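Trainee: Next comes the sequence, and after it the predicted model I'd like to discuss.
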Amino acid sequence: MTKSKFEVEKRTLKIGPYEICPIPTGQFGLDGGAMFGTVPKVLWEKTNPTDEKNRIEMEARALLLKSPGCNILIDTGNGQDFVAKYGEKLGTKFAEMYGIDQNGPSLEKSLKAHGLKFEDINHVVLTHLHFDHAGGATTEVGGQLVPTFPHAQYWVQKGNLETARKPNLRERASYYPANFQPLLEKGVLNIMHGEQENFLPGISAIISNGHTLNQQVIKVSDGQTTLLYCGDMVPTSTHVKIPWLMGYDLHPLTLMEEKEKNLSEAADHSWYLFFEHDPYCDAALIERNGHDFAVTKRFWL
Ligand SMILES: [Zn+2]
């Protein structure tokens, strides 16, 4: 695959008690047209080249907030156990269909690089239950699906869980009970009701309804340094431009308003934007650019 055309600076971040640790869980591929909606291919392919199936490279990047005595994970990537989860027919096709790399980094390997095992995670915050965010939340043990993190409390928005249980036709291929039902059965899924400041120390939930209903974008702040885990509100640094939306997004105009509001704060207060799906950087700082926004610096954290 082609290397990034961007310059990327290495930076170490600490916010309050938390070390900021990107957790790559394995790259995958999605149709480039679907990832950039109405933006013409001649514009986006300069920075995001396609493979022979017109797929662009995507990261599934979770975020570990590591602190003494408390480790918090935001999102979990695609996970594995596709046959156990999605059945023989779809499961065997799944990894191939999305070009999921099962040989590179994984949730387990990336946590291990920070000295942690699944048992060491105390909280798992799910932005939404699409499979590329919640797939790693559950796993198969002895023929049964169970929470991947045996000692963790999980967090999700009530409205998103409702959507996941009764998905509309457009999102039906993205929401699977196997990724959240075992959490409900074990009683470890904390149901959140809308925006909430400091639901965990220094961690707040901001609601975004443009991509899917009741996605929660996660703000980590100590009053000095702030990082926004953008989820699918801004999946890559290329999507910082307000009208650069995904074809998948349910409510484009709503999403544009949400981007305007949150990116204004980010530009005005130098918040780091953390990108779940950008294969070419972990995070960026942005500035206002006329009525829109532009990246000023990209980072590996
Ligand atoms: Zn999504």
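Mentor: Okay, I see it.

Trainee: which non-adjacent residue is nearest whichever residue of the stretch 51-200 of the chain sits closest to the ion?
Mentor: Closest to the ion within the stretch 51-200 of the chain is His130: 3.5 Å, counting by C-beta to the ion. Placement of C-beta: from N, CA and C, glycine included. Sequence neighbours aside, Ser174 is the residue nearest to His130 in space, at 4.4 Å (criterion: C-beta to C-beta, 6 or more residues apart in numbering).

Trainee: What about that neighbour, how many residues nearby?
Mentor: Ser174 has 18 neighbouring residues, counting by other C-beta atoms under 10 Å.

Trainee: my read: it touches Ala134, true?
Mentor: No: Ser174 is beyond contact range of Ala134, at 9.8 Å (criterion: C-beta atoms under 8 Å).

Trainee: Quick check: longest helix in the protein by residues?
Mentor: If you go by DSSP state H, the chain has its longest helix at helix 252-268.

Trainee: Tell me which helix or strand comes right after that one.
Mentor: Remark: after helix 252-268, the chain's next helix or strand is strand 272-274, criterion DSSP states H and E.

Trainee: Please identify the helix or strand for the residue of the stretch 201-301 of the chain found nearest the ion.
Mentor: Relative to the ion, the nearest point of the stretch 201-301 of the chain is Asp232 (3.9 Å; C-beta to the ion). For Asp232, there is no enclosing helix or strand under DSSP H and E.

Trainee: likewise Ile191?
Mentor: Element membership for Ile191 (DSSP H and E) is strand 189-192.

Trainee: I'd assumed Lys109 was in a helix, is it?
Mentor: Yes: assessed with DSSP: H, G, I helix; E, B strand; the rest coil, Lys109 lies in a helix.

Trainee: Give me the neighbour count for it.
Mentor: For Lys109, the tally of surrounding residues (other C-beta under 10 Å) stands at 13.

Trainee: give the contact list for the nearest residue to Leu227 once chain neighbours are set aside.
Mentor: Leaving aside its chain neighbours, Leu227 sits nearest to Tyr272 (4.3 Å; criterion: C-beta to C-beta, 6+ apart). Each residue near Tyr272 by C-beta atoms under 8 Å, 6 or more residues apart in numbering is listed here: Leu13, Thr225, Thr226, Leu227, Leu228, Ala283, Ala284, Leu285, Phe299.

Trainee: Can you mark which positions in the host helix or strand of the last one are buried?
Mentor: So that's Phe299. Per DSSP H and E, Phe299 falls inside strand 292-300. Applying a neighbour-count criterion of 16 or more other C-beta atoms under 10 Å, one finds Phe293, Val295, Lys297, Arg298, Phe299 buried in strand 292-300.

Trainee: now do stretch 144-154
Mentor: Buried-residue list, stretch 144-154, by 16+ other C-beta under 10 Å: Leu145, Val146, Pro147, Thr148, Phe149, Ala152, Gln153, Tyr154.

Trainee: Of these, which belong to strands?
Mentor: Per DSSP state E, strands hold the following members of the buried residues of stretch 144-154: Leu145, Val146, Pro147, Gln153, Tyr154.

Trainee: Please, where are all the helices along the stretch 1-150 of the chain?
Mentor: Along the stretch 1-150 of the chain, counting by DSSP state H, counting those that start in this stretch, helices occupy 32-36, 41-44, 82-86, 88-97, 107-112, 131-134.

Trainee: okay, these, which one's buried deepest?
Mentor: helix 131-134 (a mean of 26; mean count of other C-beta atoms under 10 Å).

Trainee: Same list (the helices of the stretch 1-150 of the chain) but as a markdown table, adding mean pLDDT and distance to Pro68.
Mentor: As requested, the helices of the stretch 1-150 of the chain are exported to a markdown table (pLDDT from 0 to 100; distance: least, C-beta to C-beta, whole Å):
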| stretch | mean pLDDT | distance to Pro68 |
| --- | --- | --- |
| helix 32-36 | 95 | 39 |
| helix 41-44 | 95 | 42 |
| helix 82-86 | 92 | 34 |
| helix 88-97 | 89 | 37 |
| helix 107-112 | 97 | 16 |
| helix 131-134 | 97 | 27 |
